[in-house]
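Asks: okay, here's the prediction I keep looking at, along with the sequence it came from:
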Amino acid sequence: MKLEKAIEILQYHSERNADIAGSSWANALKLGIEAMRRVKGLRLYDVGPVQVLLPGETKEVSHGM
């Protein structure tokens, strides 16, 4: 799965499960979304170990610039 799709899915569930707001699960979900966004952002700069795929992540296909 690509990071963008994972973020999309987690965001979808986060927005639709208001009954869990404030719970440990909701906080972990928000942390995971933010962490994936940061990893994705850091990859734009081609730095450090963030180039290693996360468990279950599939490689982004580069279409050139």
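Replies: That came through, no problem. None of these values were measured; they are calculated from a predicted model.
Asks: buried set for the lengthiest helix in the chain?
Replies: Assignment by DSSP state H gives helix 24-43 as the longest helix of the chain. When neighbours are counted by 16 or more other C-beta atoms under 10 Å, the buried residues of helix 24-43 are found to be Ala26, Leu29, Ile33, Met36, Val39, Lys40. C-beta coordinates here come from the backbone N, C-alpha and C atoms, glycine included.
Asks: how near is the fifth one to Gly22?
Replies: When you say that, I think you mean Val39. Val39 is 26 Å from Gly22, where distance means C-beta to C-beta, to the nearest Å.
Asks: low-confidence ranges in this protein?
Replies: Residues of the chain meeting the criterion pLDDT under 70: 18, 21, 47-50, 61-65.
Asks: do that again at 50, thanks
Replies: Along the chain, the model assigns pLDDT under 50 to residues 65.
Asks: what residue is smack in the middle of it?
Replies: Centroid check for the chain by C-alpha atoms, centre = their mean gives Met36 as the closest residue, at 2.9 Å.
Asks: so who does that one touch?
Replies: By C-beta atoms under 8 Å, 6 or more residues apart in numbering, the residues touching Met36 are Leu3, Ala6, Ile7, Leu10, Leu54.
Asks: again, only using 6 Å
Replies: Leu3, Ile7 (C-beta atoms under 6 Å, 6 or more residues apart in numbering).
Asks: swap in Ile33?
Replies: Ile7, Leu10.
Asks: fine by me, we can end here.
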